[in-house]
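S.K.: Okay, structure incoming, though there's no sequence with it:
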């Protein structure tokens, strides 16, 4: 599950042994019903469309087009009653400290010609020059734009015919907690002005040393005083300051997706915790790293306690069980979890639900009305088994509970490689327009998709593709598809005192074939890094001098307090390696960073 920075170890060009959105459709004012017209393009017999330029796989009769591209790291979005699409973009270490897009972090997109593509793109809000780093959360209430920026949620008033505000922003809430594993603040605003804000956890499981093997969690978990829940504020009131007093619900590790149903009930998604096997190998099998725990859809209630950090949801048993940091025994003991609130629906482990929106229009077939779409950003913690997610699913609801299993609605975002380092696009935000179109944002290249239905909404719904079962096995360990030098250890140099056989063993350990862990989850199959871990092929040393001995020392000791990134690296990346295996891995990583002359 993707800590939004899920697990960002820094090994400075060293190795991490693979241990390591929401959509505010805003208030009801944003969701005005209107007649729906399918966009341009003709459906073919296969269900694709002649003008579909998205590369997405959709149910028959649906068509996706690229509404906008290259707008920055697009997180959550909304569509105003006017049809203007607003997007919040983000920067920072999650994107390897790359250069932010020029201009403000907030983007307004307008299709003035009716072609299904934005022909007007305007930016507003804070910039890098004014100290901004962008944000995730975005909403609309009483005609104003509400946006997260740094540690604040601010309000921009719109006036006249302009699609961007002319005046300065007003601060609604300030001093929201930053830092740690989840520094973002998605939110949603109800019809009465209640603003529900995700204040996610700073740690994986409330350990005093985050993500370290065999360390019990703090008891009590004082982090819950200011993190790990949903806070409620008043969208009509300015200059509110974050405090523990406004906590609405607790025990939620990371609630990025929010959606109201037609009666005002509030649903929220949760990213489940990581690293059960890597931190507690005596209690969990290697494949359970990939299959536990399930992701969740929960009904949010005032004062509710949803279990984190003491509990996680076991998809096979379909119940909350006690976490190993709090006396759990690998899934049998329930303990205090018997008194916590479980989900109304569950999804495969580590898929990372980043946004959710209820479909309240009439352009899609009737089966989709009243249910929710969920954008799954995609997993990293399933390595060396196949990663999952990187898609948009539909979850039918009936009142306060799920009315069936989820369905894969949109896939193909990642391209050929469903991995953090290999994905071409990753779905992040969702919104429904007044014309009934579904908008999806991507946070890698800043693409916005627009999905419409070209068939008869009154006719039968197209055949659905079921989601994989949450109790399905992890699958087969993936063989490395790395290109030289990673796949050809004969081309790698050997550090003094080691051997070619040791380098070959290190390659197998790196790719998860030996030792029960894999570095590829963070550093990629080619060792060139991802959003979760640094490039191991470059000589950029932060924790050692780059020698074999220095690399081995970092592998064995870990990085408990990273200098540049948020999340620590546990000793041996959370794996349990012998001295020989650790030395072999160090030899392989040394070879990656010392290409042959």
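M.R.: Arrived safely. None of these values were measured; they are calculated from a predicted model.

S.K.: What pLDDT does the model give the nearest residue to residue 460 once chain neighbours are set aside?
M.R.: Of all residues not flanking residue 460 in the chain, residue 365 sits nearest, at 7.3 Å (C-beta to C-beta, 6 or more residues apart in numbering). Using the backbone N, CA and C atoms, a C-beta is placed for each residue, glycine as well. Residue 365 carries a pLDDT value of 97.

S.K.: swap in residue 208?
M.R.: For residue 208, the predicted pLDDT is 95.

S.K.: any weak-confidence spans in the protein?
M.R.: Within the chain, the stretches with pLDDT under 70 are 1-51, 93-94, 96-97, 479-490, 513, 515-518, 531-532, 563-567, 574, 596-597.

S.K.: if we can go back for a sec, what's the distance between the residue nearest to residue 460 and residue 78?
M.R.: 24 Å (C-beta to C-beta, to the nearest Å).

S.K.: The two: which has the busier surroundings?
M.R.: residue 78 (28 against 19; other C-beta atoms under 10 Å).

S.K.: mind listing what the one helix or strand that one maps to pairs with, with the direction of each?
M.R.: Using DSSP states H and E, residue 78 sits in strand 73-79. Paired neighbours of strand 73-79 in the sheet (DSSP bridges): strand 85-90 (antiparallel).

S.K.: So which residues of the stretch 401-550 of the chain form strands?
M.R.: With strands called from DSSP state E, counting those that start in this stretch, the stretch 401-550 of the chain shows them at 401-402, 407-410, 427-432, 438-442, 448-453, 465-466.

S.K.: Just tell me which of those strands ends up closest to residue 555.
M.R.: Nearest to residue 555 among these is strand 427-432; the distance by C-beta to C-beta comes to 32.8 Å.

S.K.: ok, residues contacting the closest one?
M.R.: By C-beta atoms under 8 Å, 6 or more residues apart in numbering, the residues outside strand 427-432 that reach it are 21-23, 25, 31, 74-79, 85, 87, 138, 354-361, 373-377, 390-392, 410, 413, 438-443.

S.K.: which residues touch residue 311?
M.R.: Counted by C-beta under 8 Å, 6+ apart, residue 311 has contacts 251, 320-323, 336-337, 340.

S.K.: and the angle for the helix or strand residue 373 falls within with strand 73-79?
M.R.: Assigned by DSSP H and E, residue 373 belongs to strand 372-376. Put simply, strand 372-376 runs at 170 degrees to strand 73-79, going by axes from the mean of the first three to the mean of the last three C-alpha atoms, to 10 degrees.

S.K.: give me the beta-bridge partners of residue 300?
M.R.: residue 266.

S.K.: so how far is residue 307 from it?
M.R.: Taking C-beta to C-beta, one finds residue 300 at 13 Å from residue 307.

S.K.: Please say which of these two ends up with more neighbours.
M.R.: It is residue 307, of residue 300 and residue 307, that has more neighbours when counted by other C-beta under 10 Å, with 27 against 21.

S.K.: leaving aside the residues next to it on the chain, what's closest to that one?
M.R.: The nearest residue in space to residue 307 (C-beta to C-beta, 6+ apart) is residue 340, at 3.9 Å.

S.K.: Kindly report the same for residue 530.
M.R.: Here the residue nearest residue 530, using C-beta to C-beta, 6+ apart, is residue 421, at 3.2 Å.

S.K.: In this model residue 534 seems to touch the one you found, though I could be wrong.
M.R.: No - using C-beta atoms under 8 Å, residue 421 makes no contact with residue 534, being 11.2 Å away.

S.K.: For the closest residue to residue 417 other than its chain neighbours, give me its contacts.
M.R.: Of all residues not flanking residue 417 in the chain, residue 423 sits nearest, at 6.4 Å (C-beta to C-beta, 6+ apart). Residue 423 sits next to 378, 390, 413-415, 417, 444 when contact means C-beta under 8 Å, 6+ apart.

S.K.: Counting neighbours, which of these comes out on top?
M.R.: Most neighbours among the contacts of residue 423, by other C-beta under 10 Å: residue 413, with 29 neighbours.

S.K.: got a list of what that residue touches?
M.R.: 56, 390-391, 423-427, 442.

S.K.: Residue 332: how many residues sit nearby?
M.R.: Neighbours around residue 332, by other C-beta under 10 Å: 11.

S.K.: so the spatially closest residue to it that is not a sequence neighbour, which of the three states?
M.R.: Excluding the flanking residues, the one nearest residue 332 by C-beta to C-beta, 6+ apart is residue 321, at 7.3 Å. Here residue 321 is strand, with the state taken from DSSP: H, G, I helix; E, B strand; the rest coil.

S.K.: what's near enough to touch residue 321?
M.R.: Counting by C-beta under 8 Å, 6+ apart, residue 321 has contacts 311-314, 328, 331-334, 337.

S.K.: Would you mind confirming that the residue nearest to residue 307 makes contact with residue 251?
M.R.: Yes - counting by C-beta under 8 Å, residue 251 is a contact partner of residue 340 at 6.4 Å.

S.K.: Between the two, which contacts overlap?
M.R.: With C-beta under 8 Å, 6+ apart as the test, residue 340 and residue 251 both reach 305-307, 310-311.

S.K.: Residue 533 pairs with what?
M.R.: So, taking DSSP bridges as the rule, residue 533 has residue 530 as bridge partners.

S.K.: close enough to count as contact, it and residue 523?
M.R.: Yes - with contacts counted by C-beta under 8 Å, residue 533 reaches residue 523, the gap being 4.4 Å.

S.K.: Give me the more crowded residue out of these two.
M.R.: Using other C-beta under 10 Å as the criterion, residue 533 and residue 523 rank with residue 523 on top: 34 against 31.

S.K.: Distance of the more buried one relative to residue 511?
M.R.: 11 Å.

S.K.: Report how many residues lie close to residue 282.
M.R.: Neighbours of residue 282 using other C-beta under 10 Å come to 9.

S.K.: distance of it from residue 463?
M.R.: 45 Å.

S.K.: Return the distance of residue 309 relative to residue 463.
M.R.: 41 Å.

S.K.: if you count what's nearby, which of these two comes out ahead?
M.R.: Between residue 309 and residue 463, residue 309 has the larger neighbour count (other C-beta under 10 Å), namely 24 against 9.

S.K.: and the longest helix anywhere in the chain, what does it pack onto?
M.R.: Counting by DSSP state H, the longest helix found in the chain is helix 579-592. Judged by 3 or more C-beta pairs under 8 Å, 6 or more residues apart in numbering; DSSP states H and E, helix 579-592 is in contact with helix 500-510, helix 548-557.

S.K.: hang on, residue 224 in a helix?
M.R.: Yes - assignment of residue 224 by three-state DSSP places it within a helix.

S.K.: any idea which element the residue nearest to residue 274 when sequence neighbours are not counted lies in?
M.R.: Leaving aside its sequence neighbours, residue 274 sits nearest to residue 381 (C-beta to C-beta, 6+ apart; 4.7 Å). Assigned by DSSP H and E, residue 381 belongs to neither a helix nor a strand.

S.K.: where's the closest residue to residue 322 other than its chain neighbours, which helix or strand?
M.R.: Using C-beta to C-beta, 6+ apart and skipping the chain neighbours, the partner closest in space to residue 322 is residue 328 (3.7 Å). For residue 328, there is no enclosing helix or strand under DSSP H and E.
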